[in-house]
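[1] Dropping a prediction and its sequence here:
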Amino acid sequence: DTAVSQTPKYLVTQMGNDKSIKCEQNLGHDTMYWYKQDSKKFLKIMFSYNNKELIINETVPNRFSPKSPDKAHLNLHINSLELGDSAVYFCASSRGYRTNEKLFFGSGTQLSVL
Amino acid sequence: AQKVTQAQTEISVVEKEDVTLDCVYETRDTTYYLFWYKQPPSGELVFLIRRNSFDEQNEISGRYSWNFQKSTSSFNFTITASQVVDSAVYFCALSASQGAQKLVFGQGTRLTINP
């Protein structure tokens, strides 16, 4: 069983569309994250949820809206997609939210906006 | 503000050579944590090691070893007798002691091990 699973793995869409990426973890962790990896491989945190509550919200456009229906799921909805949104989006989870926690990552969703 | 620098963008060596990946960090916190993650060609990020700022003991795990030196703000990673399967992008990351877990990643080093 995959510990942190994301769907879809690839997402190709037109500018202006709305799309969602889903993430589920079966590790029993309390905290989940979204990270963005740009074309130069640079990774940056976007959001973090702990027990369904938003605890980190970096400087991300309002077009990005995370939703955590329960602590095992964290979805990412993106409105009005732009060319610059093209990247790989990684979901991750950890036991808790403390700064020493190691993260378990999903395999990523490669988003291409045309 | 925290910052992590991995000055080596790409490294290419022949199998069985030893290779060291450099990581230099900046933080004003006295308590912090350092991590290394591996991103193989398949794409997922895999945790390798975690170190806290009060533990400067070097660590060895099989062919992997890590050298943490607070005096130079470095946390270098050495692979001994490299193998083709070690080919990946390696990321060094830092998290501060305050607030929630928020990893600050370096730019990554792409390591290619040639047979």
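    That came in fine, so what should we check first? All values reported here derive from a predicted model rather than from experimental measurement.
[2] mind listing what residue 47 touches?
    No chain in the question, so chain A it is. A:F47 sits next to A:33-34, A:54, A:56-58, A:60, A:64, A:66, A:74, A:76 when contact means Cβ atoms under 8 Å, 6 or more residues apart in numbering or on different chains. (C-beta placed from N, C-alpha, C; glycine too.)
[3] Not quite, go with chain B.
    A:102-104, B:35, B:37.
[4] from these, which is closest to A:G28?
    Distance to A:G28 across the contacts of B:F47 (Cβ to Cβ) is lowest for A:F104, with 11.2 Å.
[5] Distance of that closest one relative to B:S65?
    Distance, A:F104 to B:S65, by Cβ to Cβ, to the nearest Å: 23 Å.
[6] And those two? Which one has more around it.
    A:F104 (21 against 17; other Cβ atoms under 10 Å in any protein chain shown).
[7] Can you name the residues that contact the more buried one?
    For A:F104, the contact set (Cβ under 8 Å, 6+ apart) comprises A:3-4, A:25, A:27, A:29, A:92-94, B:47.
[8] Just flag the most distant two among these.
    Greatest spacing in the contacts of A:F104, by Cβ to Cβ: A:Q25 and B:F47 (14.3 Å).
[9] got the contact list for A:K71?
    Per Cβ under 8 Å, 6+ apart, neighbours of A:K71: A:29-30, A:32, A:49, A:51-52.
[10] pLDDT at it, what is it?
    Note for A:K71: predicted pLDDT of 92.
[11] What's the per-residue pLDDT of residue 45 here?
    Since no chain was named, I'll use chain A. If you check A:I45, the pLDDT there is 94.
[12] Wait, chain B was what I had in mind.
    95.
[13] what about it, neighbour count?
    25.
[14] Not counting its neighbours along the chain, what's nearest it?
    Using Cβ to Cβ, 6 or more residues apart in numbering or on different chains and skipping residues adjacent in sequence, the residue nearest B:L45 is A:F105, 4.0 Å away.
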